[in-house]
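Student: Predicted model and sequence below, questions to follow.
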Amino acid sequence: MCGYVFVSVRNKKAFGIDQHLLRHRGPDYSSEIDLNWCRTRHWRLSIQDLTSHSNQPYSNEDNLLVYNGELYNFREIGECLYSKSFQSDTQLLFHSLEQEDFESIRNESGFYSFLFIDRLKRKFFGARDHFGKKPLYFYFDNDLLIVASEDSTVRTIADQYGKKIPIDNSAIEHYFKYKDLHFGRTFFKGVRELAPGSTLKFDFDNWDLIEETSWREYYLAAPFYKQTKRVNNSINILEDVPSVLKANLFSAIEKRFLADVPVQIALSGGVDSTLLALIAQYKGIFFSRALTVSSSSRPSELKKSKFLCDSFSLQQFVIDFDSIDVLEFLKESIRAQGGPLSHPHALAVCALTKEAAKQGKVLITGEGADELMYGYEHHKKKNATFAFAQHLNPADYFDISELEKNDLDDLISKNNIFENNDHRDLEVKTHLLSLLRRNDRISMQSSVELRSAFLDFKLFETVTHLQDLGELDKGKNSLVKIIKTFFSDYEVDREKIGFYVPFDEWFKRKIKVDRGLKVVIEKAFRFLQDELNWTLKEGVLLEGKLTWALLNIGLFLDLEEEYKR
């Protein structure tokens, strides 16, 4: 939910901020404050407390707050921590920051990215949630600081101050190799991402910007959900493991349904989304619709989800993926994300959130359950987590004189990262983070908040503790057992169910007849040859991962040409 921009210029006043820049992130209300030494604008998507009392920037004479996120059970947190009633999570966060008590709420259920600005001292304190559900991008040099919810917005504003920020060619190389970007880099030179769970501090008078945690420290640090071990002791954790898991799971899912607007769920029919629907039904929680993406390539998805909806009289809306214009959805998703996509599933997220926007502002997904329960096949194989199992080896397809050694290669070779890090933690910090970036940018393009029910700090803390003690198996069996207490007819598919996107089948059909696709692919080839000195080897076939990377790069270059015009 929401978006914000902060601009500070060292030697002159900042320009006014275009009110349309991030309107898709917050169409309900927008306002700007000029403090002479900085300007900040906020766009609000109203989810909790729909009144004007929680409009932002939220301020008093001393401080102001621009905040993008949700603290779901803010009323309970306020009563517990401060013996005080709050009308919204914005008010709770503002109060906590005024009390310099951020540590008390940083691990509570929810997500956030914010700047808390001290008007008098001309400083700010910013932070991002542990999982990285909500973004914080920035550009900083000798005379300009820009902080914003989207990297492309940072670039647009920098352009207004004469800072021409080009595409980072080395980022394209990194994307081609790993299917994503790491170490806080973006596709734009000089625009960076704050590490999840980190803080950002700025002192205008000293022109000093401090990141609390470097990305190298982020990747090498112990898992955040294993650092406190605050497991609820009201139940004997070793004698009643199923009850502990069930209680924490129910609590996490219930909180994600807290909203003052209609809530919908994404239902594939697999274990994760089925649990969402069944627990909501059991607890009497209303949600308006279940949304399913269907494709003739994977008919089992629709059959499973339809059976569930029929059994419990749930309203279901089916999106026929075979009937959509895949190329247009791909262009739209790349535009929303501000760069090439990591995975074709982005197209399903685009379809789901566009439909969800027709009847509400909140869509709940099962994202994170695989990381929580070791649900991916590659968790069983050493050195095979997403970001570190090389996506494409450029030398297999191109004649290359030399590949630039990047930060990720250096980290792997010097630190034995596979030996020293929990594989699930690597998954959370790489693959899951890329999924959350995708979810935020694409859902917010439709002004929809995507909530990940299994990405709850306390749930992760409890489950990982039980697994470390050997009291909880790794895998989805524990979740399936909970489902069967509600729904004895539930059958587990041998193959993991998800929102499948038949990209390869679509491309093979279209490339033969669509000249436009060939033009896009040729543009990617020219870029790789002219900018990176990669020459395509003879006999290389356009298929699979290579096709996906080239098409994404080519369409991103189309957007770049459009931007320059």
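Tutor: Cool, got the structure. Residues are numbered from 1 along each chain as shown.

Student: and stretch 500-520, C-alpha only, in PDB?
Tutor: Provided in PDB are the C-alpha atoms of stretch 500-520 (Å, rounded to 0.1, in the frame of the first residue of the first chain):
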ATOM      1  CA  TYR A 500       1.300 -21.900 -14.000                       C
ATOM      2  CA  VAL A 501       2.100 -19.600 -16.900                       C
ATOM      3  CA  PRO A 502       2.500 -21.400 -20.300                       C
ATOM      4  CA  PHE A 503       5.200 -19.000 -21.600                       C
ATOM      5  CA  ASP A 504       7.200 -21.500 -23.600                       C
ATOM      6  CA  GLU A 505       4.100 -22.900 -25.400                       C
ATOM      7  CA  TRP A 506       3.000 -19.300 -26.200                       C
ATOM      8  CA  PHE A 507       6.400 -18.200 -27.500                       C
ATOM      9  CA  LYS A 508       6.800 -21.300 -29.800                       C
ATOM     10  CA  ARG A 509       3.400 -20.400 -31.400                       C
ATOM     11  CA  LYS A 510       4.000 -16.700 -31.700                       C
ATOM     12  CA  ILE A 511       7.600 -16.500 -32.900                       C
ATOM     13  CA  LYS A 512       6.700 -18.100 -36.200                       C
ATOM     14  CA  VAL A 513       4.200 -15.500 -37.100                       C
ATOM     15  CA  ASP A 514       4.800 -12.400 -35.100                       C
ATOM     16  CA  ARG A 515       7.300 -10.100 -36.700                       C
ATOM     17  CA  GLY A 516       7.100  -7.800 -33.600                       C
ATOM     18  CA  LEU A 517       8.500 -10.500 -31.400                       C
ATOM     19  CA  LYS A 518      11.500 -11.000 -33.700                       C
ATOM     20  CA  VAL A 519      12.200  -7.300 -33.700                       C
ATOM     21  CA  VAL A 520      12.300  -7.300 -29.900                       C
END
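
Student: tell me the mean pLDDT over that stretch?
Tutor: Average pLDDT, stretch 500-520: 81.

Student: same check, this time on stretch 153-162
Tutor: pLDDT averaged over stretch 153-162 gives 97.

Student: Same question for it: list its buried residues.
Tutor: 153-158, 161 (16 or more other CB atoms under 10 Å). (C-beta placed from N, C-alpha, C; glycine too.)

Student: can you list those residues in CSV and add distance to S31?
Tutor: Output for those, formatted as CSV (distance: CB to CB, whole Å):
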residue, distance to S31
T153, 17
V154, 20
R155, 23
T156, 20
I157, 17
A158, 23
Y161, 22
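
Student: Next one: H465 from D456, what distance?
Tutor: 14 Å (CB to CB, to the nearest Å).

Student: okay, those two: which has more neighbours?
Tutor: The residue with more neighbours, out of H465 and D456, is D456; 26 against 19, by other CB atoms under 10 Å.

Student: Excluding chain neighbours, give the residue nearest to V7 in space.
Tutor: With sequence-adjacent residues excluded and distances taken as CB to CB, 6 or more residues apart in numbering, V7 is closest to A14, at 4.3 Å.

Student: C-terminal to the stretch of helix or strand V147 belongs to, what's the next element?
Tutor: For V147, the host element (DSSP states H and E) is strand 144-148. Per DSSP H and E, the first helix or strand lying C-terminal to strand 144-148 is helix 151-160.

Student: gap between the strand holding V147 and the chain center?
Tutor: Strand 144-148 sits 21 Å away from the centroid of its parent chain (CA atoms, centre = their mean, to the nearest Å).

Student: can you check stretch 258-275 too?
Tutor: Averaged C-alpha coordinates place stretch 258-275 at 17 Å from its chain's average position (CA atoms, centre = their mean).

Student: low-confidence ranges in the stretch 451-565 of the chain?
Tutor: By pLDDT under 70, the low-scoring segments of the stretch 451-565 of the chain are 492-499.

Student: same deal with the chain?
Tutor: Applying pLDDT under 70 to the chain picks out residues 228-239, 298-301, 379-390, 418-420, 492-499.

Student: Enumerate every residue touching R75.
Tutor: The contact partners of R75, by CB atoms under 8 Å, 6 or more residues apart in numbering, come to 85-86.

Student: Show the residue spans covered by the strands in the stretch 51-200 of the chain.
Tutor: Counting by DSSP state E, counting those that start in this stretch, one finds strands in the stretch 51-200 of the chain at the ranges 58-59, 63-71, 110-118, 123-128, 137-140, 144-148, 192-193, 199-203.

Student: next one: the stretch 251-400 of the chain
Tutor: For the stretch 251-400 of the chain, the strands defined by DSSP E, counting those that start in this stretch occupy 263-266, 289-294, 316-320, 362-365, 398-399.

Student: Run the angle between the longest one and strand 316-320 for me.
Tutor: I take that to be strand 289-294. On the basis of axes from the mean of the first three to the mean of the last three CA atoms, to 10 degrees, strand 289-294 is oriented at 30 degrees to strand 316-320.

Student: Give me the contacts around strand 289-294.
Tutor: Residues outside strand 289-294 that contact it (CB under 8 Å, 6+ apart): 264-269, 277, 301-302, 305-306, 309, 314-322, 348, 351-352, 355-356, 359, 363, 499-501.

Student: Of these, which belong to helices?
Tutor: Cross-referencing the contacts of strand 289-294 against helices under DSSP state H gives 277, 301-302, 305-306, 309, 348, 351-352, 355-356.

Student: Right, I'll call it a day here.
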